Each structure stands twice: as C-alpha cells, then as structure tokens.
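Chemist: Next comes the sequence, and after it the predicted model I'd like to discuss.
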Amino acid sequence: MLKNYLLIAYRSLLQQKLYSTINILGLAIGLAICISMAIFVESELGYDKFIKDNEQIYRSSVKWMPPSAPEQYYAQGQVFNAENYQAHFEEVVDATRFREVSVALGQGKESFLHDGVFLADPNFVDFFSLDVIDGERQSALEAPNTIVLTQAAAMLYFGRTNVVGESLLGAGKLPLKVSAVIKDLPLRTHLNVFALISMATATTYYGDNSWQRDPSFNYFTYVKLADGVTGEDVEAKIPSYLENHYGPGTSDTLGFELMPITDIYLHSHHYGEMKENGDINTVYSFSVISALILFIACVNFMNLSTATATKRAKEVGVRKTLGAKQQHLVMQFVVEAMMLSYIALIIAVALVEAGLPLFASFIGKPLSFDFYSEPLVLTTLLLLGLFVGLISGAYPAFYLSRFKPAKVLKGEVTQGKSGALLRKGLVVFQFSVAVVLIIATTVSNQQLKYARAIELGYDKDNTFVLSRLYTDIASQQRSALKTQLLSHPNIVSVTASSAVPTETIVDAFGMVNPKTQLSQTMPTLAVDEDYFSSYNIKLLSGRGFSRDFPADKFAMPSAAEPNPRFSVVINEKAAQSLGFSADEAVGKTFEVRLTRHSSAMATIIGVTQNYYFSSLKTEISPTYHLLRENEGNSMAIKFKGDTAQTRDFIEATWRKLVPEQEMELTYLQTKFEQMYRQEDKEIIVFNLFSMLAIFIACLGLFGLASFTTKRRTKEIGVRKVLGASVMDIVILINKEFSKQVMIANLIAWPLAYFVMQQWLNNFVYRIDLSIVPFLIAASLAFAIAWLTVGSLTLVAAQARPVKSLRYE
Amino acid sequence: MLHLTKINKVFRTELVETYALEDVTVTVERGEFVAIMGQSGSGKSTLLNIIGMLDHIDGGEYVFDGKDISHLSEGQLADIRKDNIGFIFQSFNLIDELTVYENVELPLIYQGLPKAERALRVTAVLEKVNIAHRKDHYPQQLSGGQQQRVAVGRAIVAKPKMILADEPTGNLDSKNGEEVMGLLAQLNQEGVTIVMVTHSDHHANYAHRTIHVLDGHIVSSQMQEVRCA
C-alpha cells in the first residue's frame, strides 16, 4: 500500500512540475531559514553554559534609584560586596570579585593596553571553571605579583604559550610573574577575560591596603548560591540587609540585583558591562520571522493543493468506487505532503550546510551545524519535516478525500465555495504578513537612520584619534606631540583624554551626594583643558577647565596635601542624578572618596549638555570630567583641509617623537561606524528575511494566479471573442487578487501600527509613526500582486482566443 | 464580404504535421447565409475560426470587407472582430459568473458604449430573443435552449455585419434547435451575413449555399434549391 502511495505521489509530483517546484522551493527556503535561525537562537541562548553550576551563579549589580531620576543599573559594585554576601547571606556558598584595570603590559619597551585585564580573586579560575593548560590551578592567583594569561595573551606578549615562570612588566614598573596559562575563553561568554592579575597585587599596585575599603563601584561581583536557592530568594532579603548595615532609608535609593549568569548576555545592558551584550529582542524577532516564513511556505502548499484538487478528483472517484475509504485517501495525500516536505528538508539541509559559514562570518557569531553527529539535531530535523508535512498536508488531504465519486466521475467537480474561501483567506493571511513585514522593515530602518542622525552633542567630523599614548615612551612625548601637531596650519585643535567618544568610560569613584548625603557612584573621564572646545561640547552653565585656574587640576592625596581640592565639570545627567538643575549644580562642593581613608573635595564649575559618549543604544551615563593633563590615553586631532596631507604630517611627527612605537591612528567617524557594525548586520539579516518572506508569498501567489488563469481560460477566450482587449483581461483577473491584497492591508495596518508603536517605545529618541511606511507597504504589496498576476494573465490573454476555447 | 484565397492551416505536434486546411479558397458575399458541412475532423470548425479571425493562417490571403487582414496583429484583428463579427458556439460559452443581462451587455462594454445606451440595446435584444423575463438569472439556471438564445442575443447586440455560428444547435433538442435557426434566418433577412457550421442537413437547408469540407479541402459548394424560412 505504502509503495503504491509513494509511486502515485512521485508521479503526481512529476506531472505538476510548476506547482511541485513552487511547493518544494518555498518549503526548502522556509526550512533553511528556520534551521539557520534555530542554530542562531540556540547559540545566542547558550552563552556561559560552559560554566559549571551555571544555574546557581548570579552576578550582583547595583541598582541606584535617585529620587528625581529614572533607575540606573551598574554592572559593577563595591570591593566589599563579595565578602559581605558570604558573611551575611547563608544562601551564598561562594563569591568572587574582579576589577578591570587599564595596565599596559609588556616586556621591555613594547607594551600593550588591552581590554579584559582584571585584578581577580584567587578563586576566579575555579569559579568560572576555566581550563588551565599550564601552571597551578589552585594557587595561580594566590601570591602577589602573579599573572594568569590566556593563550591569546601569551601569544601576544611572548609568541608562545609555555610561559609559566616568565615575567611581564605592568605599567612599566610593576613586575608580574606568569603563574598559569589558561585556555582562551569560549566565544560564547559575556566574560571578556584576557589576563588576570592576582588581587593581592593590588597592594603593590595602589601602594597600600586601602583598596580593600575602596568605596568606588569598580568591582564585578559574582555569587554562587546553595542548591535550591534562587536569586529572587536572596534579592528579597537585600533591602533589610542594606537597612541594617547602611542605615535606615538606604534601600529607598540603593538595591542589588542578582541576575543569573546565563541571562547576562541577552538581558543585561547595564552601565559598565564587560563588553557589549547581545539582545533578546533580536532573538525574538528572528524567531518570529523565521516561523512566519515557514508558515507562509506551508500556506503555499495548502493553497496549491486544494486549488489543483480538480485534477485529482477523478482519481479520488475511481479509488473510492474501487473500495478506498476516506482514511486511505487521507493517508495517501498526507504521504504525498510528507514526501514533498522531506525533499524540501534535504534541500534545506544542503542550503544550510552551504550557507551557514557565510551567515556565521557575516553576523560574526560562531555557528555550527552538526546534524550527522548529533542525534538530537537529526531527530529534531526529522520531526520538523514530519510537522511541516502534517501542517501543510492535513487540510488538503481531508478536502480531497471528501469528493463524492458519483459526482466527480461525471465531471461535476465544483470548486467548492468553502475551498475557494479558505484559499482567499490564506492569500489574505500571506499578504498581511508581508505587509506587516514591509512596514516593520521600513519603520525600523527609518528609526535607525533617525537615531544615527540625532545630535550627538559633540562634533565627530574631521577628527583623527591617536591611540596608545599610555606607554612609557609615548606618554613622555604627550605634550611635545600636542605642541608640534598644533604647529601645522591644517590642525585646528588637539585634546587628550582617558577615552574618546565611542569608547566606554571605565573609571568610577565613590562620592557623597551633597544634597542627600548618600553615597553614589561617579563615573569619571580624565580630560585636558581643550576637551570641551575641541569637541564643541556646549556648556549649559558655569565654565570649562582653564589654564587660568590652576586649582582646577585633579590631585591625589599626598603627605603634603592629604585632602586635596579640585574642580569637576559634569554633564546634565550627572546634575540630574544629584538632584540639581544645571544652574543649581554650579558651585556645589562634594566629597570624593578616593580611598577608604582619604578623600578630596570637588567643586562643580560647569555643566555640559548631555552628549553621547558611547553607543546610542545605551543611555547617556552621568559623567564627571576631571582635569588630568597627563592621563590621556588617546588624543583627538581636529583638522581642516586635506585629509591625506594632515595624516602624513601626524605620521611624520609621531615618527620623529616616538620612533620606537608603531603609530595607531584612526578616524573618529570610522570608530563611530564600527560601533554599529553588529546592529547594521542584524538589520541586513532582518531585511533579507523580510524579502524572503515576501518572495515565498509571491511564489504562492504566482502558483495560485497561474491556476486561476488556467481555470478561467475559457472565460478569457470568450471575453476576447467578444472584443475584450489584453488589458481588459489583465485588469479583470487582477481585480480579484487586488481585493484580497486590500483586505490584507486592512488587517495588517492596525497590527503593524500596534507592534511598531511598542517597538519604538524602547527608544529614548524615536520617530513618530507616519503614514508613509504604511503607504509604501500597500503600494509594494499591490505592485507585487499586480506584477505576479499581471505577467501570468498577460501571457494567457495574448494567446489566440481559439486556443483558450479549444482547451475546453 | 470576405474572400479567402489558397488558405493553409497546419497543426504541428512534436511528431507530425497535419494540414487542417489546404489551399482553401472561399468567398462569402454580403447578406449571404452559408452553411459549412463535413465530418468530424474535416476542418470545418478550423475554417470558421479562421473566418472569425480567432486563429491565424499559415499561408494564403484573407481579404475582409475589402481589406487584406492576413498580416494584422492580434490587437488589430480584435478591433475588426469587435465591430463586425458576432459568434455563437455549440457549447454557448456564456460566462457563469455573469447574469443573462450582463452576458449580453459584455460586447457593448468592450465597445465603450455609455451605460444608458447599453441598457436600451440589451433590453431590446433580450426581447427579440425572447429571454427578457430571465435577465437576472445565471446561465446555469437556464435550459440549453434558453442559454443558446442568450448567446444569440450576445452575438447580435453589437449589431455585427456577420454572425459566425459553430454548430449552434448541436447541444439542443429539435424544438429549441428550430427556434434558434428561426432566429438566425430572421437576422439574415434583416441583412446580417451568416456563416454556420452544422452536422444537420435539415438545418443546412436554412442557408443559401452549403460548402462541403473533407480532409481540409472544399469538395463542393452548392446553392440550395429550396429555401425554407
């Protein structure tokens, strides 16, 4: 029986080449996208899963609730959080902390400042189950002045990995001995680790033990909870803990958030993340769109099968008279659907095999597809084929198997009203999806363009960035560089700062809010006197740093001056988080906790307008600018006139002053664009998928239209005989589909409006929804329908009428 | 009215080439009523289709109303057809989705007549073919004879100079067949040229002249001795 089914299925597949091709092609594309997306989503959801006991590990972030401003989350907390967790919460069985340090590491003259260098607790390697390939696992981070390198770091500094016992120099003076080499961390982790310096080194590094009471918010804190305890259980106890230890009222403005480590990559976008994380919304939108694409392909199948039913009616009649029951026929048609579905699946798997490396390298994610070695993947694939076959085959099977033999054998097969209605409904559905997708892509592209074009608050044009000025040799030449560069007529201004816009602000001190007297964090950026004028950052009140006021300069406490005073320029956001307006803030003095035992007094001398230092996606953080002339890691060079000429001059100057070090010069605009590369790629993928969805919908429409024109061949012939022109016929057939496209628009518009309104609400700076994307979508949908249907009808209508009449 | 000279029509399949018509020469005068007879497959319907410009010729010359139309495009032919020729088919070829009234109105729409004039002419024609009482019915609600009367109405509503009828009575019983033939004869008396393919000797007697076709050739063309009307 099954053999007979398969044979018939195979022959009918060959007989209806056009419809089979449309079905298989649509399904194959749909399945290929679905499989690729499943791989992508699985990969995105699999971050940090390599860590042992990951279900029990949480990161503690600081939740700051200023009275007059929205909540702010900081990924990093204070140095003593980790031990307090262990001391006061019995649920916490282990904790670890680490802080990022910008220490240039190197041997001899060459040194490199690299992201991901941390001062870390001794248990770090075990806590995150990292693989030690050389050296002592347990004691690697015990002793002061020891460093654990990743393979990548070992290769960078030594060109090999068997380097345990070798020495490195930190910041040109701190001796560090390599105690272990660990495997590079897997790609799928939110941890951005390059090298780990033992926490005990902090005493040498900072000069004394005071770092142990450092109030700044610079320490990542991770806790491991006892089995059966959740982060929420612990979070519930935090307010009372804070009240007990920091005084009544503390929990009104301060809180700790415990986030599961495996959630961080997709869900956490706090201030001070180790690196830019992924986005759960991307995962959602990719999942939804790939499911839709597959469903559209299934709909094509249903549509074409019921539409071409008449062709199979006679066969059904004959089989029934020969004794076939309805379930036999249902079975037969389902087998046919399965066959198509599995053929499509094989093509899809081939497509994925071929296309995945390209897709993976395009979106910059490690994706792999091992269906042959992973039984689970293979099973899932087989089930997917079964599912798609059932979804698309079930309705046509019941529809076809219901034909009455007496009628169909007499040739009386009516195109059932219900069947026709369902087909129209499905076309409407497909077009609704297409219209929603077109609107979504248009709106998201508009929003992106708008967001990129918003006033950044600083001038990024015609600016070169000279990096890696922190090395010993370069830092000695910093002021000479500045002076000599300024001598060229093309160079308008030069300013050095600890970071340049598009980078992240790493440093933060603790401070006492002058209004509330509560502790809060103070993200700082070291700049020179020319910073604000050079970037053209507007001051809302007060003044910027000036050489006329020597007291502006930042100073660390010293024996001579244990409680120094200095000036700060803050941004509007910082003023707001202190509870002041821009005007009120000027002149306010507050305590800055540089170390536990020493503090300084800072006076606000000016408030700048908010400007987007980092990505537009993250909110502007409160920023405190300090005047530290010799801290500039990078130098921004603003120029006018010829770019190449200016570049040559900068290079020549660098070679003259710092001949031993390679120059690192970038264009600020390029750094800005790099910031959005990932986002741009995701948008491209989204656009591509939308187009594919529309393409598959078109395939279905094409099939259905070709069927309709065939069915109406006689009518077309009669009309032509009666004097209808080709155009009359094209319009006639198009009218039918236009109605469906119209209804699809009516359904899609409110839906798209609602969804896009929600989506736009995620943005601080957003466009207003205009009618334009809706009109674009409608016009496109009509254009697509008319072109698809029109081209087919045109062919039918141009045929000599006698042909269409003979067909009958 | 029309003059076909040495017309050829070839049907090609992958394997064979069949001459449906070979060197056929026919003249039809204005106001004539011509019957075409022959066995199935003899080429009579092909001849009618060529006369009606529904099919193209593979050789020879076709002069219609004094004009050589052998090399005109499909669009130009459609224009000539629209203004000069009405068609009646054996299987009626009414459009199922349109009512009786709308079926008859269709040629006038394609001629671009205003609605009011269309209404006048359609109503008059429906009266003439005696189907006005069913003008809002759909074709499938009518008997075969009624459907063919609608088809006749549709063929004459645009006031063609010539009507081509392909076995107009083939699907009808004898009573309905007579009725349709009566209508055609009446139209002919009013001056309309009629060319009709038929299997029935009896119905061929309505014509002035009968052309016999066999295997793609005209074997005889004779005037009727008796004319029944």
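Modeler: In hand now; what should we look at? Residues are numbered from 1 along each chain as shown, chains lettered A, B, ... in the order given.
Chemist: residue contacts, A:L386?
Modeler: Neighbouring residues of A:L386 by Cβ atoms under 8 Å, 6 or more residues apart in numbering or on different chains: A:338, A:341. For the C-beta atoms, the positions are set from N, CA and C on the backbone; glycine is no exception.
Chemist: ok, now B:R30?
Modeler: By Cβ under 8 Å, 6+ apart, the contact list for B:R30 reads B:1, B:161, B:193.
Chemist: need the residues of chain A near chain B, please.
Modeler: Within chain A, the positions near chain B by Cβ under 8 Å from any Cβ of the partner chain are A:714-715, A:717-726, A:728, A:798, A:800-802, A:805, A:808.
Chemist: what's around A:G247, how many residues?
Modeler: 10 (other Cβ atoms under 10 Å in any protein chain shown).
Chemist: how much space is there between it and chain B?
Modeler: 84 Å (Cβ to the nearest Cβ, to the nearest Å).
Chemist: picking that back up, list only buried entries from the residues of chain A next to chain B.
Modeler: Taking 16 or more other Cβ atoms under 10 Å in any protein chain shown as the criterion, what is buried in the residues of chain A next to chain B is A:714-715, A:717-726, A:728, A:800-802, A:805.
Chemist: quick check: mean pLDDT across stretch A:76-83?
Modeler: Across stretch A:76-83, pLDDT averages out at 86.
Chemist: can you pull the pLDDT of A:E679?
Modeler: At A:E679, pLDDT is 74.
Chemist: Let me know the secondary structure of it.
Modeler: helix (DSSP: H, G, I helix; E, B strand; the rest coil).
Chemist: What parts of chain B come near chain A?
Modeler: B:49, B:52, B:54-56, B:74-75, B:78, B:81-82, B:87, B:89, B:91, B:93-97, B:106-107, B:110-111, B:154, B:158.
Chemist: Separate out the buried members of those.
Modeler: Counted by 16+ other Cβ under 10 Å, the residues of chain B next to chain A give B:49, B:52, B:54-56, B:74, B:78, B:81-82, B:87, B:89, B:91, B:93-95, B:106-107, B:110-111, B:154, B:158 as buried.
Chemist: Mark which of the residues you listed are part of strands, please.
Modeler: Counted as lying in strands by DSSP state E, out of those, are B:F87.
Chemist: Count the residues that sit near residue 220.
Modeler: Just going to use chain A. By other Cβ under 10 Å, 23 other residues sit near A:F220.
Chemist: Can you look at chain B instead?
Modeler: Residues near B:S220, counting by other Cβ under 10 Å, number 10.
Chemist: cool, A:I473 as well?
Modeler: By other Cβ under 10 Å, neighbour count at A:I473 equals 16.
Chemist: What are the buried residues along the one helix or strand it maps to?
Modeler: Here A:I473 is covered by helix A:472-476, with elements defined by DSSP states H and E. Buried residues in helix A:472-476, counted by 16+ other Cβ under 10 Å: A:472-475.
Chemist: tell me which residues in stretch A:389-403 are buried?
Modeler: Residues A:389, A:391-393, A:395-397, A:399-401, A:403 are the ones in stretch A:389-403 that count as buried (16+ other Cβ under 10 Å).
Chemist: ok, the buried residues of helix A:472-476 vs chain B, which is closest?
Modeler: Closest to chain B out of the buried residues of helix A:472-476 is A:A474 (80.0 Å), distances taken as Cβ to the nearest Cβ.
Chemist: check contacts around the closest one.
Modeler: A:A474 sits next to A:468, A:658, A:661 when contact means Cβ under 8 Å, 6+ apart.
Chemist: Ramachandran angles for the first one?
Modeler: It refers to A:R468. Main-chain dihedrals, A:R468, degrees, to the nearest 10: phi 60, psi 50.
Chemist: ok, now the second one?
Modeler: Geometry field for A:V658 lists phi and psi as phi -130, psi 60, criterion degrees, to the nearest 10.
Chemist: Residue 106: what's it in contact with?
Modeler: Answering for chain A, as no chain was given. Here A:G106 is in contact with A:112, A:157, A:168-169, A:471 (Cβ under 8 Å, 6+ apart).
Chemist: not what I meant, chain B
Modeler: Contacts of B:L106 (Cβ under 8 Å, 6+ apart): A:719, A:722, A:724, B:95, B:98, B:154.
Chemist: quick one: buried residues of stretch A:528-547?
Modeler: Using 16+ other Cβ under 10 Å as the test for burial, stretch A:528-547 gives A:528-532, A:534-535, A:537, A:539-542, A:544-545.
Chemist: Then stretch A:763-772?
Modeler: Applying a neighbour-count criterion of 16+ other Cβ under 10 Å, one finds A:767, A:769 buried in stretch A:763-772.
Chemist: Can you tell me what sits against that stretch?
Modeler: With contact meaning Cβ under 8 Å, 6+ apart, stretch A:763-772 is reached by A:442-443, A:446-447, A:450-451, A:454, A:616, A:619, A:753, A:756-757, A:760.
Chemist: mind running it again at 6 Å?
Modeler: Where contact means Cβ atoms under 6 Å, 6 or more residues apart in numbering or on different chains, the residues beyond stretch A:763-772 that reach it are A:446-447, A:450-451, A:454, A:760.
Chemist: first vs last residue of it, how far apart are they?
Modeler: Across stretch A:763-772, the terminal residues are separated by 20 Å (Cα to Cα, to the nearest Å).
Chemist: which residue is nearest the middle of chain B?
Modeler: Geometric centre of chain B, nearest residue: B:L164, 1.5 Å, by Cα atoms, centre = their mean.
Chemist: I figured that residue was touching B:V195, is that so?
Modeler: Yes. If you go by Cβ atoms under 6 Å, B:L164 and B:V195 touch, sitting 5.2 Å apart.
Chemist: Next, the residue in the stretch 701-808 of chain A positioned nearest to chain B: secondary structure please.
Modeler: Going by Cβ to the nearest Cβ, chain B is nearest to A:G723 of the stretch 701-808 of chain A, at 3.3 Å. Classification of A:G723 by three-state DSSP places it in coil.
Chemist: pretty sure A:S305 is touching A:P396, no?
Modeler: Yes. Between A:S305 and A:P396 there is a contact under Cβ under 6 Å: 3.5 Å.
Chemist: about what we covered before: can you tell me which of the contacts of B:R30 is nearest chain A?
Modeler: Among those, B:K161 lies closest to chain A (Cβ to the nearest Cβ), at 14.3 Å.
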